[in-house]
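> below is the structure, and that's it, no one-letter string:
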């Protein structure tokens, strides 16, 4: 295969679909590649109720984005794995896939994010999965992950997916902290976890949790609250949220049979003699997300380490352009945020590429600036904020203009 396009987008998630739509509308010949059997990316597993009462249905949102991209003229190919890309002597990019090579002067990487591992003894037993895998199995593949589970980890993402699992009628025995180790970091610190959970307290199912969160803004009050936090936890979505207990080991002979947990001090240190087993037939590990940026590294793109964005991110400007000619990035590859932010970033990338490609219906600079402003508005209004310093970290990243 030796097919030439104006733009090749890698990743048919929210960012990639939005970019393909805006670029194709400008008159570019666009190819969108994704290794999954259906376009939509992480949208396919999302389902939650927003503060105003409306439901965010990721499958429906994906359908609308796919329809928009196809109506604009973009060609979508699924089941295609991209294995590499390199800049050629004719100032174009060669994309290597399991179905042959493609060529284009412009490439957008919208590969999203992956889940971080947070290993503990027993994590290789059948029935142990990442929290994202449970989301996909439940909401996309319509497979019941088990009868009674334990969630290890209390991130914003984990709590959102717990809500979805409960909507599907899945029984969860407890949500506990991970064991303290070099990989878990602050995820095993009760005070740090409580501080992160307070950022989305407005989504709490009870008025007590909502108003109580407003009283715990200072570190001193959080420490005091943890001292009196019940060991058995408080029920959230009818699941015990146990900030004063951590997982020690996942137990079972041929599959998951339970989780050995222990009480912890307010500093997250296990209390000897408090160990007990919680019976379960599946375990979800919530280790957080990081940008899936291997292809950017293969292409030779420089990186910066920004913890607030999830780790190492490709260097890029606010117009989503990297320092490499013709290479752009958008969505969670640039830092972990919500799907709505990814959609807004994808629109910016598509418009920016259309201008640089001198497309027949290329937008004006004012339209691109409006799209950039929309990214900031969307970020400020996002239902789920993965980190409180995202906006500031973005601004710092964009201080160096990419030309």
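Perfect, thanks for sending it. A quick note: this is a predicted structure, and the numbers were derived from the prediction, not measured. Numbers count the residues shown, from 1 in each chain.

> ok, residue 38 to residue 66 distance?
Using CB to CB, to the nearest Å, residue 38 is found at 9 Å from residue 66. (C-beta placed from N, C-alpha, C; glycine too.)

> quick one: which of the two has more around it?
It is residue 66, of residue 38 and residue 66, that has more neighbours when counted by other CB atoms under 10 Å, with 21 against 16.

> ok, the nearest residue in space to the more buried one that is not next to it in sequence to residue 381 distance?
Excluding the flanking residues, the one nearest residue 66 by CB to CB, 6 or more residues apart in numbering is residue 39, at 5.1 Å. Per CB to CB, residue 39 is found 26 Å from residue 381.

> who has more neighbours, those two?
Of the pair residue 39 and residue 381, residue 39 is the one with more neighbours under other CB under 10 Å, namely 25 against 10.

> which residues touch the more buried one?
12, 17, 32, 62, 65-66, 76, 78 (CB atoms under 8 Å, 6 or more residues apart in numbering).

> go with 10 Å
Residues counted as contacts of residue 39 (CB atoms under 10 Å, 6 or more residues apart in numbering) are 11-13, 16-17, 20, 32-33, 62-63, 65-66, 69-70, 76-78.

> over to residue 354?
Neighbours of residue 354 in contact, by CB under 10 Å, 6+ apart: 6-7, 19, 22-28, 30, 106, 360-363, 367-368.

> list residues touching both of residue 38 and residue 66?
12, 76.

> what about residue 72, how many neighbours?
18.

> for residue 288, see how far away it is.
For residue 72, the distance to residue 288 (CB to CB) stands at 35 Å.

> endpoints of stretch 108-123, how far apart?
Distance between the two ends of stretch 108-123: 36 Å, counting by CA to CA, to the nearest Å.

> circling back: which of the contacts of residue 39 are buried?
11-13, 16-17, 20, 32-33, 62-63, 65-66, 69-70, 76 (16 or more other CB atoms under 10 Å).

> which pair in the residues you listed spans the largest distance?
Comparing all pairs in these by CB to CB, the longest separation belongs to 33 and 63, at 19.0 Å.

> distance of residue 18 from residue 380?
Counting by CB to CB, the gap from residue 18 to residue 380 is 19 Å.

> the two: which is more packed in?
More crowded of residue 18 and residue 380, by other CB under 10 Å: residue 18, with 27 against 11.

> can you pull the pLDDT of that one?
Residue 18 is assigned a predicted lDDT (pLDDT) of 98.

> isn't it right up against residue 40?
No: assessed by CB atoms under 10 Å, residue 18 is found out of contact with residue 40, at 12.0 Å.

> common neighbours of those two, please.
By CB under 10 Å, 6+ apart, the residues touching both residue 18 and residue 40 are residue 65.

> and the nearest residue to residue 232 once chain neighbours are set aside, what is it in contact with?
Spatial nearest neighbour of residue 232, chain neighbours left out: residue 240 (6.2 Å); criterion: CB to CB, 6+ apart. Residue 240 makes contact with 172-176, 230-234, 278, according to CB under 10 Å, 6+ apart.

> which of those are buried, as a ChimeraX select command?
To isolate the buried subset of those in ChimeraX, counting by 16+ other CB under 10 Å, use the following:
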select :172,173,174,175,176,233,278
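
> one step back: select from the contacts of residue 354 every entry located in helices.
Assigned to helices by DSSP state H, the following of these qualify: 19, 22-25, 367-368.

> now the two most distant members of those residues.
Top of the distance list for the ones in helices among the contacts of residue 354 (CB to CB): 24 and 368, 16.4 Å.

> any idea which residue of this protein is furthest from its center?
In terms of distance from the mean C-alpha position of the chain, residue 273 ranks first, at 37.4 Å (CA atoms, centre = their mean).

> domains of the protein?
2-114+289-397, 117-285 (automatic domain parsing).

> lowest-confidence stretch among the ones you listed?
Among these, domain 117-285 scores lowest, at a mean of 84.

> which one is residue 167 nearest to, not counting chain neighbours?
Sequence neighbours aside, residue 47 is the residue nearest to residue 167 in space, at 6.8 Å (criterion: CB to CB, 6+ apart).

> quick check: the one you found touching residue 163?
Yes: Residue 47 is within contact range of residue 163, at 8.7 Å (criterion: CB under 10 Å).

> which one of the two has more residues nearby?
Neighbours per residue, other CB under 10 Å: of residue 47 and residue 163, the larger number sits with residue 47, 20 against 17.

> quick one: contacts for the more buried one?
Counting by CB under 10 Å, 6+ apart, residue 47 has contacts 55-60, 135, 138-139, 160-161, 163-164, 167-168.

> is it bridged to anything, and to what?
With DSSP bridges as the criterion, residue 47 is bridged to residue 57.

> ok, it to residue 134 distance?
For residue 47, the distance to residue 134 equals 13 Å [CB to CB].

> go on, residue 354?
Look at residue 354 and residue 134: by CB to CB, they are 39 Å apart.

> with residue 196 instead?
Distance from residue 196 to residue 134, counting by CB to CB: 20 Å.

> higher neighbour count, these two?
Taking other CB under 10 Å, residue 196 and residue 134 do not tie; residue 134 has more neighbours (27 against 20).

> didn't the more buried one look like it was pressed against residue 164?
Yes: at 8.8 Å, residue 134 counts as touching residue 164 under the criterion of CB under 10 Å.
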